[in-house]
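1. Give me the fold of what follows.
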Amino acid sequence: MILFDRGTLGPSWQTDGGKLIPAARHSRDESLLLLDCAWDPRVVLAPGAINAHTHLYSGLASLGMPPASPPPTNFLEILQRVWWRLDRVLDEASLRASARYAIAEALLSGTTTLIDHHESPSFIEGSLDVLASCAQELGIRLAVGYGATERNGGLAEAQRGLGECERFLRTNQRSFVRGLVALHASFTVSDDTIRAAGELARKHAVPLHVHVAEDQADVLDAQRRGYPGPLERLLDLGALPEGSIVAHGVHLTEAQVRRAHEAKLWLVQNPRSNEGNQVGYPRALKVSSRVALGTDGWPADMEAEAAALRRLGRSNGDPEDALTARMTTGHALASDVFAEPLGELRANAAADVVVGIPGEAPRHVVVAGRRVVVAGRLVTADLTELRARAHEAAPELWKRMESV
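-> Down below sits the predicted model:
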């Protein structure tokens, strides 16, 4: 058990079975591990941050990934020349290096939960176990599904992706990890695959995680298939049970966002990614209160993502209260996925706690009552070795990308 000792700065807490309970004043229980939470009057205790949509497979991208040549001129070309080339060359070793690196950096920034959307077309079977084992080792909460797609190998590829989701849902026993069903995006799958994904999600009573209307190309594809848009296509084919996670929504209308809200779907805005990919700003999201914040594979520094949200939201006329709400809605989303209260400092809430001075790197990070960062240092893995492996794996990955 851990004692968060606040001294005279406020109420102290301790952990019990991964939950928070109030600490007795002046507790002398020698079994408690003491975390100093009163070294400065500015110190605060806060719930761990939630990254509601990310891609751990892209964790090495910041380590010198070369630019596409020729430079992409639109979003589809960005996918084809960058991200789809990257995911096709991932193998077990590079995926593990990428995930461990991204998870370590997330924890050091105070992010304690990741909702991951995974793709590695040359390494499907067993890929979710790699991500899950990295999460369990390093001590981060992870919800993950394989994003089934037909963009490389047709229907058979999609069936393998959904098969990986089902295998993982049946076999995963890791306490920190939950399985999801996932689709890459409406424009890369057939109606049959969408129906099958929805059936699988309902069978296992889990959400479906999917990209929707990130770019106008997704909208036009759905319309060519006879649907008003990708959201309607997924809903009409039964692929979005209550609690499903819809990433992006840049090109949804207010009416579509209201329909998503009424269907009790979660939407996830990804400001830095949307800006970088030049796909636009999701102005219609303001009509739903079920909008969380994600990074879409950018580093899981949620303070940086929130700063981008404030900057872009204000310049696009979003209401200030809506922007503020999006910074914490991820806790409600994650509480649904993990079926326990996250994002609160109260008795019997999950002991996912970040201790530090606002604006500085966290001093301590605890996840489910487990210390993962102590005195600013990762304690669940050798960070020097982890980063060295990432720096070794990255150039090998870039070289393989040249051949696809």
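2. switch to C-alpha atoms for all contacts and neighbour counts from now on
-> OK.
3. Show the low-confidence segments of the chain, by residue range.
-> Within the chain, the segments meeting pLDDT under 70 span 25-30.
4. ok, which stretches of it are helices?
-> 75-78, 84-88, 92-108, 127-138, 154-171, 191-204, 216-224, 230-236, 254-262, 271-277, 302-315, 320-326, 329-338, 383-401 (DSSP state H).
5. Pipe those into CSV and attach distance to Pro41 per row.
-> Formatted as CSV, these follow (distance: least, CA to CA, whole Å):
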stretch, distance to Pro41
helix 75-78, 47
helix 84-88, 46
helix 92-108, 22
helix 127-138, 30
helix 154-171, 45
helix 191-204, 47
helix 216-224, 49
helix 230-236, 48
helix 254-262, 41
helix 271-277, 33
helix 302-315, 21
helix 320-326, 25
helix 329-338, 26
helix 383-401, 30
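6. Could you point out which of these sits nearest Arg42?
-> Arg42 sits nearest to helix 302-315 of all the helices of the chain, at 17.5 Å, using CA to CA.
7. count of residues packed around Trp39?
-> 13 (other CA atoms under 10 Å).
8. Report the separation between it and Glu360.
-> Per CA to CA, to the nearest Å, Trp39 is found 14 Å from Glu360.
9. Repeat that for Ser98.
-> 25 Å.
10. who's more crowded, these two?
-> The neighbour count for Ser98 versus Glu360, taken as other CA under 10 Å, is higher for Ser98 (28 against 8).
11. so that one makes contact with Leu63?
-> No: the pair Ser98 / Leu63 is not scored as a contact, 10.2 Å apart, by CA atoms under 8 Å.
12. Quick one: neighbours of Ser69, just the number.
-> Neighbours of Ser69 (other CA under 10 Å): 8.
13. whoops, I mixed them up, Ala102
-> Count around Ala102 with other CA under 10 Å applied: 25.
14. And the residue lying closest to it once chain neighbours are set aside, its phi and psi?
-> Distances taken as CA to CA, 6 or more residues apart in numbering place Gly59 nearest to Ala102, at 4.9 Å, with adjacent residues excluded. Note on Gly59: backbone dihedrals following degrees, to the nearest 10 are phi -60, psi -30.
15. and Gly59, what does it touch?
-> 98-99, 101-102, 297-299 (CA atoms under 8 Å, 6 or more residues apart in numbering).
16. please redo it, this time with the cut-off set to 10 Å
-> 94-103, 105, 297-300, 390, 394 (CA atoms under 10 Å, 6 or more residues apart in numbering).
17. And for Ala306?
-> 270-272, 293-295, 312, 323-324, 326-328.
18. okay, those residues in CSV with neighbour count and distance to Gly139 next?
-> Shown next, in CSV, are the contacts of Ala306 (neighbours: other CA atoms under 10 Å; distance: CA to CA, whole Å):
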residue, neighbour count, distance to Gly139
Asn270, 29, 24
Pro271, 26, 27
Arg272, 21, 26
Leu293, 29, 21
Gly294, 33, 20
Thr295, 25, 20
Leu312, 17, 32
Leu323, 21, 29
Thr324, 13, 28
Arg326, 22, 25
Met327, 23, 23
Thr328, 18, 21
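19. tally of neighbours for Glu396?
-> Neighbours of Glu396 (other CA under 10 Å): 11.
20. hang on, it packs against Asp91?
-> No: taking CA atoms under 10 Å as the definition, Glu396 is not a contact partner of Asp91, at 11.1 Å.
21. Quick check, Gln223 in contact with Arg233.
-> Yes: using CA under 10 Å, Gln223 is in contact with Arg233, at 9.1 Å.
22. of those two, who's got more company?
-> Arg233 (20 against 15).
23. Who are the contact partners of the more buried one?
-> Arg233 touches 186, 191, 194, 222-223, 225-227, 239-240, counting by CA under 10 Å, 6+ apart.
24. nearest to Val212, of those?
-> Nearest member of the contacts of Arg233 to Val212, counting by CA to CA, is Ser186, at 7.0 Å.
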